[in-house]
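A.B. asks: Structural data only, the sequence is not supplied:
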Ligand SMILES: [Zn+2]
Ligand SMILES: [Zn+2]
């Protein structure tokens, strides 16, 4: 897609302020929702009716009108419940397919149980993904094209999704693999977390990307690949083999 047609909106949802990214190609109206973890009514009101509170942040001035875009796919970076808990709700509403890496299928099956353990409001029965995300896959959904980069370490099936943009910087939807100044936690139950594996995933899969790639993490502010490569205290150039601190933050 062309840079001038790209709209990326961040909805920070739920008690953990998880970033749900809504990515739209204005030339076609094709829209992809990444990590529909919470507040499905807010997402639906905005995308379908240009109504409600809208996003916390948008890459463009909004000229969005009701009905001028259609959701063509749901994608997930990983299956912690704050990222995946309301996928069943929006999948039923929009009637589109959902993609997840198969190594997070077990984690996904525990989403409702995990939310209850954290004292969160009840979640719908967990969804089973319609399609697998695979490392190296080029995924065309409507007019949007993503490269799938498997980045295990925060969870076994964690992926980063790189949106290819003509005439502008690419965008990377990083889930809880990489944050501005941090990395994902590696101590969460049933997740297969492993700091050394996470660091290897980032070094091999993310650092080779162009430095101006805009990173949309699962929590916290946006950043770029170049900035994190130089300054990230866990996995950046200044960090030792096991990072400065040895483990990240955020669920
Ligand atoms: Zn998270
Ligand atoms: Zn997570």
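C.D. replies: Good, I have the coordinates. Since we're looking at a predicted model, the values are computed, not measured. Ligands and ions are numbered 1, 2, ... in the order given.
A.B. asks: Could you pull up the residues touching the residue most central in space within the chain?
C.D. replies: Residue closest to the average C-alpha location in the chain (C-alpha atoms, centre = their mean): residue 175, at 4.0 Å. By C-beta atoms under 8 Å, 6 or more residues apart in numbering, residue 175 lies in contact with 35, 76, 77, 78, 83, 154, 158, 159, 160, 184, 217, 218. Placement of C-beta: from N, CA and C, glycine included.
A.B. asks: Next secondary structure after the worst-scoring helix or strand of the chain on mean pLDDT?
C.D. replies: Taking mean pLDDT, DSSP states H and E as the measure, the helices and strands of the chain show their lowest mean at helix 111-117, namely a mean of 91. Note on helix 111-117: by DSSP states H and E, the next helix or strand toward the C-terminus is strand 131-132.
A.B. asks: Strand partners (parallel or antiparallel) of that next one?
C.D. replies: strand 98-100 (parallel) (DSSP bridges).
A.B. asks: Just the mean pLDDT for the partner strand, thanks.
C.D. replies: Strand 98-100 shows a mean pLDDT of 98.
A.B. asks: near ligand 2, which residues of the stretch 151-251 of the chain show up?
C.D. replies: residue 176 (C-beta under 5 Å from the ion).
A.B. asks: could you check whether stretch 107-118 is close to ligand 1?
C.D. replies: No - residues of stretch 107-118 are not located near ligand 1 by C-beta under 5 Å from the ion, the shortest gap being 11.6 Å.
A.B. asks: Does that stretch reach ligand 2?
C.D. replies: No - contact of stretch 107-118 with ligand 2 (C-beta under 5 Å from the ion) is absent, the minimum separation being 9.2 Å.
A.B. asks: Quick check: end-to-end length of that stretch?
C.D. replies: 15 Å (C-alpha to C-alpha, to the nearest Å).
A.B. asks: Please apply the same query to stretch 105-115.
C.D. replies: Length of stretch 105-115, first residue to last, C-alpha to C-alpha: 16 Å.
A.B. asks: when you give positions from now on, start the count at 246
C.D. replies: Let's use 246 as the start, then, which means that last one is stretch 350-360.
A.B. asks: What residues sit buried inside that stretch?
C.D. replies: Residues 350, 352, 353, 355, 356, 357, 359, 360 are the ones in stretch 350-360 that count as buried (16 or more other C-beta atoms under 10 Å).
A.B. asks: And for stretch 433-450?
C.D. replies: Using 16+ other C-beta under 10 Å as the test for burial, stretch 433-450 gives 433, 436, 437, 438, 439, 440, 442, 443, 444, 446, 447, 450.
A.B. asks: Sort out for me which of the residues you listed are in helices.
C.D. replies: Among the buried residues of stretch 433-450, DSSP state H puts 440, 442, 443, 444, 446, 447, 450 in helices.
A.B. asks: Could you list the low-confidence segments of the chain?
C.D. replies: Within the chain, the segments meeting pLDDT under 70 span 485-496.
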